[in-house]
Each structure stands twice: as C-alpha cells, then as structure tokens.
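J.: Sharing a model prediction with you, sequence too.
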Amino acid sequence: MKFIQREDWGAPASSPAAYLPSAHGVKIHYLGTAYSSRAHDKCDDYVRSIRAEHLANKQENYVDIAYSAVVCEHGHVYEGRGAHKRTGANGNQELNIRDYAVCALLGSSGLVTPPDAMLSGLRDAIEWLRRDGSAGDWIGGHRDGYATLCPGNRLYAWVQKGAPRPGGTTTPAEGVYTVKSGDTLSAIARRLDVSWPELAKANNLRAPYTIHPGQELKIPAGGIGREAPAFPGTSSFVLGKSNPAVTTLDGGLIRKGFTRHHDGNGYQAGPVFTEYTRLNIADFQRSRSELSGDPDGYPGPLTWQLLLS
Ligand SMILES: [Zn+2]
Ligand SMILES: [Zn+2]
C-alpha cells in the first residue's frame with residue numbers, strides 16, 4: 001500500500017475527530033464535482049484543499065477533513081481522519097458512527113472513470129481500515145441508505161461487485177485468507193490453526209456462516225498471520241522506565257493506529273514507557289472485547305499477543 005500519513009501531506013499528526021472503537025464497514029465516496037486528471041505531485045495540494053474546504057464549512061462545522069482516507073488516481077492512500085476516528089462524510093451521525101468513509105479523487109466530469117491504480121488504492125484503504133480500524137466486512141457506497149448520487153455509477157458498480165482488485169489478482173494483505181471454491185469455514189479454520197468460532201467472530205459471520213470464493217477472511221490472532229514475539233513480562237512496562245520491549249509494543253500501536261496520545265509531535269516508537277504509551281495501550285484495550293474489562297494501559301500477555309499479531 002502506498003500510504004501517506006497525515007503529517008506527510010500537511011495535516012496535524014492526529015485527527016481531533018471522536019474515537020471510533022469499530023465500524024460495520026467502509027463506504028466509498030467520490031468528489032462529485034469537476035475534477036481533471038493531474039500529475040501525482042499535484043495530488044497533495046488537492047488533498048490539502050479538501051481539508052481546507054471542510055474546515056471552512058460553517059454549516060457542517062467539521063473539525064477536520066471529513067473522510068477517513070482519500071485515494072488518488074495513482075493509487076496512493078492519503079490518511080484522512082484515519083483508523084479509529086469517526087468520519088464526518090456519510091451524511092448524518094448515525095451513518096458516521098456506522099461506517100468509515102473513503103473518497104476517490106474522481107469527478108462527475110473530467111476524470112470520471114476510475115483507473116486500475118485508483119481501484120487498487122481503494123482496496124488497500126478498505127483492507128487497512130479492516131486491519132487497523134476494526135472495520136467489518138461490509139463495503140458500500142455513500143448512496144446506500146442516503147439520498148445522493150455519490151460515489152457515481154461507475155464506482156458504485158465496482159462496489160457492488162465487492163470492490164475487487166483490478167484484473168482479479170488479489171494481493172492479500174497480511175493476515176488475510178482468500179476463500180477458494182469448495183472451502184468450508186471449518187476446513188479453513190483447521191488450515192489456519194484457529195477454531196472456527198474464532199474465525200467466524202473475527203469476520204462478523206453469523207449463522208448460517210455463508211462464505212463465497214474470493215471473499216477475504218481476516219485471520220484471527222493466533223492464526224498463521226503475524227507471529228507475536230514471546231511476552232517479555234509485566235516488569236518490562238514500568239511508567240518512565242526504559243525497556244527494548246516498549247519499542248516493539250510501540251510498533252504494534254503504530255501499525256494498528258492507536259497513536260492519538262503523544263507529546264504534540266506525533267507518536268513515535270521508543271524504549272521509554274510513557275504516559276502516552278499507557279493511554280494508547282488503554283485505547284487499544286478498550287477496542288477489543290477480550291481486553292475491555294480492564295483497560296488499565298499496562299500490557300499483559302493477551303494485550304501483547306493481540307497487539308503484535
Ligand atoms: Zn459521498
Ligand atoms: Zn496521485
């Protein structure tokens with residue numbers, strides 16, 4: 001994924017938008033205005049102009065760019081509000097709490113046909129929000145449940161096909177299993193070395209547990225995704241104290257997008273267990289039902305396992 005973090009396109013490191021523990025899915029948007037194809041070195045300018053326009057919109061009273069992410073025609077994914085932040089783009093608060101919002105830099109005149117690179121970038125953004133933002137499987141368009149033409153007929157037709165990668169070549173993200181024909185949930189679970197209820201839960205599947213070829217299933221922690229290193233012990237995490245395991249822990253927080261607490265200069269990986277580290281860990285613990293009973297911000301074995309796998 002060609003990912004451009006907020007601070008790299010000129011937005012403050014962390015969005016002031018409300019925290020979002022998880023989402024039902026991802027809604028795709030387009031600009032719906034005239035937009036002309038441009039060289040990639042002009043895309044940053046355009047993303048900044050969207051943010052400026054949103055901040056100037058007194059009627060909506062936006063606190064930030066409204067989208068979770070913006071994808072350009074060259075397939076770069078610009079971090080908008082980001083993972084675990086409530087979007088402002090879906091039309092009302094109920095819809096904003098329900099789904100993330102990803103906007104393609106595609107117009108209603110000018111550039112109106114999404115290039116393959118854009119579709120790949122949109123797919124990357126969806127997978128990122130699933131992986132790091134606890135988004136569910138659902139993919140829709142702004143027009144689903146809201147009176148708008150967005151995201152336009154061409155993009156909406158692609159969304160309705162399940163937002164496939166162009167050319168049918170799926171490059172699965174880390175920790176994703178693509179269902180093959182003849183697969184059953186229990187056979188996949190055996191292959192991935194997880195229990196089938198865990199697999200069903202990780203993918204929001206309910207009885208009768210229907211799966212279809214080409215569908216991407218998230219591999220739950222403990223499966224053959226990323227292997228978490230051995231837990232270094234609770235004594236590695238003492239407020240104000242330095243330990244190499246804290247740098248590893250920070251890597252997990254950054255990958256999963258739990259970085260809203262920082263010293264004003266963005267959250268960086270480092271060996272010292274700071275109060276910012278503790279608050280970001282507490283956010284992660286609150287986001288996972290297995291951990292939410294005791295979100296004290298100090299990692300135990302399960303927090304470590306879930307954060308680093
Ligand atoms: Zn829209
Ligand atoms: Zn671009």
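T.: Perfect, I can see it now. Because the structure is a prediction, the values reported are computed rather than measured. Ligands and ions are numbered 1, 2, ... in the order given.
J.: Can you tell me which residues in the protein are near ligand 2?
T.: Residues of the chain found near ligand 2 (CB under 5 Å from the ion) are H40, C43, C72, H74. C-beta: built from backbone N, CA, C; applies to glycine.
J.: Per the annotation, how does the chain divide into domains?
T.: 2-168, 176-218, 234-308 (automatic domain parsing).
J.: Between the two ends of the last one, what distance do you get?
T.: Domain 234-308 has its terminal residues 16 Å apart, counting by CA to CA, to the nearest Å.
J.: before we move on, back to that, buried members of the residues of the chain next to ligand 2 into PyMOL, please.
T.: Filtering the residues of the chain next to ligand 2 down to the buried ones (16 or more other CB atoms under 10 Å) takes a single PyMOL command:
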select buried, resi 43+72+74
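J.: Take the residues of the chain next to ligand 2 and write them to JSON lines, including secondary structure and distance to ligand 1.
T.: Shown next, in JSON lines, are these (DSSP: H, G, I helix; E, B strand; the rest coil; distance: CB to the ion, whole Å):
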{"residue": "H40", "secondary structure": "helix", "distance to ligand 1": "23"}
{"residue": "C43", "secondary structure": "helix", "distance to ligand 1": "19"}
{"residue": "C72", "secondary structure": "coil", "distance to ligand 1": "16"}
{"residue": "H74", "secondary structure": "coil", "distance to ligand 1": "21"}
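J.: and of the residues of the chain next to ligand 2, the nearest to H29?
T.: Set against H29, the nearest of the residues of the chain next to ligand 2 by CB to CB is C72 (13.6 Å).
J.: follow-up on the earlier one: got CSV for the domains of the chain, with mean pLDDT too?
T.: Compiled in CSV, these are given as follows (pLDDT from 0 to 100):
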stretch, mean pLDDT
domain 2-168, 95
domain 176-218, 82
domain 234-308, 90
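J.: Just name the most buried of the ones you listed.
T.: domain 2-168 (a mean of 19; mean count of other CB atoms under 10 Å).
J.: where's it relative to the chain centroid, distance-wise?
T.: Centroid separation between domain 2-168 and its chain, computed with CA atoms, centre = their mean, to the nearest Å, is 11 Å.
J.: can you check stretch 155-172 too?
T.: Between the centre of stretch 155-172 and the centre of its host chain there is 17 Å, according to CA atoms, centre = their mean.
J.: is that stretch anywhere near ligand 1?
T.: No - residues of stretch 155-172 are not located near ligand 1 by CB under 5 Å from the ion, the shortest gap being 10.1 Å.
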